[in-house]
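Student: attaching a predicted model along with its sequence, questions to come.
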Amino acid sequence: MPDRSGKPGRNCPRCPRLVAFREAWRKQEPDWFNAPVASFGPVDARVLLVGLAPGLRGANRTGRPFTGDYAGDLLYATLLKFGFARGRYAARPDDGLELIDCRISNAVRCVPPENKPTPQEITTCRSFLQATIAEMPSLRAIVALGRVAHDTVVVASGERRSAMTFGHGCGHPLGTLTLFDSYHCSRYNTNTGVLTEEMFHDVFAKVRAHLAA
Ligand code: SF4
């Protein structure tokens with residue numbers, strides 16, 4: 001059953017391992033956010049970006065998706081370049097950065113140990129993503145950052161996982177939407193050359209062209 005709300009409570013109890021991890025970090029770093037991270041950006045946006053999960057010292061610390069770690073540097077610079085954001089990204093939630101026609105969420109809302117949610121946790125949190133998608137009346141494109149986000153969006157949209165295969169730069173018809181795939185903009189992927197800045201920009205150029213079509 002899809003959750004009616006795309007917003008888990010601060011103490012969402014559904015994933016015991018993630019709850020324990022969250023509690024441990026609340027003790028260790030009481031000034032950090034340490035809770036399920038809400039989507040960022042306007043609900044009437046035409047584009048939704050879906051990442052994997054909050055980074056420990058990124059969104060889990062600051063409370064805003066992709067804010068405060070390396071992945072955010074490339075992501076927000078790209079959104080600014082393609083007109084999906086306005087202002088200045090300063091890696092903190094009070095930097096005044098505004099998203100335009102674009103919203104950011106995650107497949108899993110709580111930080112997982114070593115950035116690796118289990119299949120069960122991905123399934124358990126999926127109803128929040130389903131609700132997030134359902135509450136966006138103008139949605140035309142979803143950008144999945146990585147294979148897990150791709151699979152989660154596909155299943156959340158009522159399709160079988162095997163119906164479409166992840167491929168960087170690919171666009172898949174998904175009901176009334178188009179699902180665009182990109183390798184995740186993680187430090188690991190950019191350091192190893194799996195994803196270059198140019199490759200990442202190409203995905204957003206395709207999204208822009210899709211919106212203009
Ligand atoms: S990952 Fe999602 S379902 Fe699991 S505890 Fe966090 S908010 Fe709840």
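Tutor: Thanks, I have the structure now.
Student: what about L48, which SS state?
Tutor: Under DSSP: H, G, I helix; E, B strand; the rest coil, the three-state class of L48 is strand.
Student: that one against T132, yeah?
Tutor: Yes. Under the criterion of CB atoms under 8 Å, L48 makes contact with T132 at 7.3 Å. Just so you know, the C-beta spots here come from the backbone N, C-alpha and C atoms, and that holds for glycine as well.
Student: overlap in contacts of those two?
Tutor: Common neighbours of L48 and T132, using CB atoms under 8 Å, 6 or more residues apart in numbering, are R103, S105.
Student: low-scoring stretches of this protein, by residue?
Tutor: Applying pLDDT under 70 to the chain picks out residues 1-5.
Student: how about the helices in it?
Tutor: Counting by DSSP state H, one finds helices in the chain at the ranges 16-28, 59-62, 70-81, 119-134, 147-156, 187-191, 197-212.
Student: out of the ones you listed, which is the most enclosed?
Tutor: When the helices of the chain are scored by mean count of other CB atoms under 10 Å, the highest mean neighbour count falls to helix 59-62 (a mean of 24).
Student: what does that one contact?
Tutor: Contacts of helix 59-62 (CB under 8 Å, 6+ apart): 25, 29, 32-34, 37, 54, 65-69, 91-93, 106, 110-111.
Student: let's see which of the residues you listed end up in strands.
Tutor: N106 (DSSP state E).
Student: are any of the contacts of helix 59-62 buried, and which?
Tutor: 25, 32-34, 37, 54, 65-69, 91, 93, 106, 110-111 (16 or more other CB atoms under 10 Å).
Student: the ligand next: which of those are close?
Tutor: Applying CB under 6 Å from any ligand atom to the buried ones among the contacts of helix 59-62, one finds that C110 fall near the ligand.
Student: residues from this protein in reach of the ligand?
Tutor: 8, 12, 14-15, 18-19, 36, 108-110, 121, 124-125, 128.
Student: centroid-wise, who is the farthest residue in this structure?
Tutor: K27 (26.1 Å; CA atoms, centre = their mean).
Student: now do that residue against A20, distance only.
Tutor: The gap separating K27 from A20 is 11 Å, by CB to CB, to the nearest Å.
Student: returning to what we had before: and the helices of the chain as a markdown table, adding distance to L177?
Tutor: Listed next are those as a markdown table, based on distance: least, CB to CB, whole Å:
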| stretch | distance to L177 |
| --- | --- |
| helix 16-28 | 28 |
| helix 59-62 | 24 |
| helix 70-81 | 19 |
| helix 119-134 | 8 |
| helix 147-156 | 9 |
| helix 187-191 | 25 |
| helix 197-212 | 10 |
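Student: now do the contacts for the closest residue to L18 other than its chain neighbours.
Tutor: What sits nearest to L18 in space, not counting adjacent residues and going by CB to CB, 6 or more residues apart in numbering, is C110, at 4.2 Å. Contacts for C110 (CB under 8 Å, 6+ apart) come out as 12, 15, 18-19, 21-22, 35-37, 53-54, 60, 125.
Student: list phi and psi for C110.
Tutor: For C110, the backbone dihedrals (degrees, to the nearest 10) come out as phi -110, psi 150.
Student: kindly report the same for V37.
Tutor: According to degrees, to the nearest 10, V37 has phi -90, psi 120.
Student: could you verify my assumption that it touches F66?
Tutor: No. Under the criterion of CB under 8 Å, V37 is not in contact with F66, lying 9.4 Å apart.
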